[in-house]
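Q: Prediction below, plus the sequence it came from.
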Amino acid sequence: MIISEYFIFRLLISNLIESSNNMIYQNINHKMQCKFIILAIMGILQILYQDYFSELKQLDQSSTELFQRRIKISKQQDISIIIDDNIDQEESLIFGLHSKKHFENLMEKNQEWLQEICLKFARILNNLHSIL
């Protein structure tokens, strides 16, 4: 779980954000559309991650300090992620991304796509875990 969180949320998403902030856009509409898609991808990754690990037993008292990240969008529409000590009740890894209910319509209409994405996501996580 820790290695997959590190890989997905610290490496993959961080590089995705950095690339999007350094990209040259045709105009403001193009920039806004790209940022929207990037945030949607991040939201789907968060949902897949939470669903994958939803069956884990929760400990009554955590042995580590919990922290959460928060999406921050600048006036120039650059995205950044900051660490936030205030944990929201939804237990999102990154606060500010769309929740699962925002993607329900997409997921209901594309069940085959969703199953394929879930299988590939699980395969990625299994490959990461097998490396250790």
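A: Done, it's in. Numbers count the residues shown, from 1 in each chain.
Q: Against residue 35, how distant is residue 105?
A: To residue 35, residue 105 is 21 Å away according to C-beta to C-beta, to the nearest Å. Glycine gets a C-beta too; all of them are placed from N, C-alpha and C.
Q: meant to ask about residue 81, not that
A: 14 Å.
Q: Mean pLDDT per helix and strand in the protein: which one sits at the bottom?
A: In the chain, the helix or strand scored least confidently by mean pLDDT, DSSP states H and E is strand 94-95, which has a mean of 64.
Q: Over to residue 80: give its phi and psi.
A: phi -140, psi 160 (degrees, to the nearest 10).
Q: Same question for residue 25.
A: Dihedral angles of residue 25 (phi, psi; degrees, to the nearest 10) stand at phi -110, psi 150.
Q: And residue 79, by the same measure?
A: According to degrees, to the nearest 10, residue 79 has phi -100, psi 140.
Q: Would you map the strands across this structure?
A: Applying DSSP state E to the chain gives strands spanning 68-73, 79-84, 94-95.
Q: deepest of the ones you listed, which one?
A: strand 94-95 (a mean of 18; mean count of other C-beta atoms under 10 Å).
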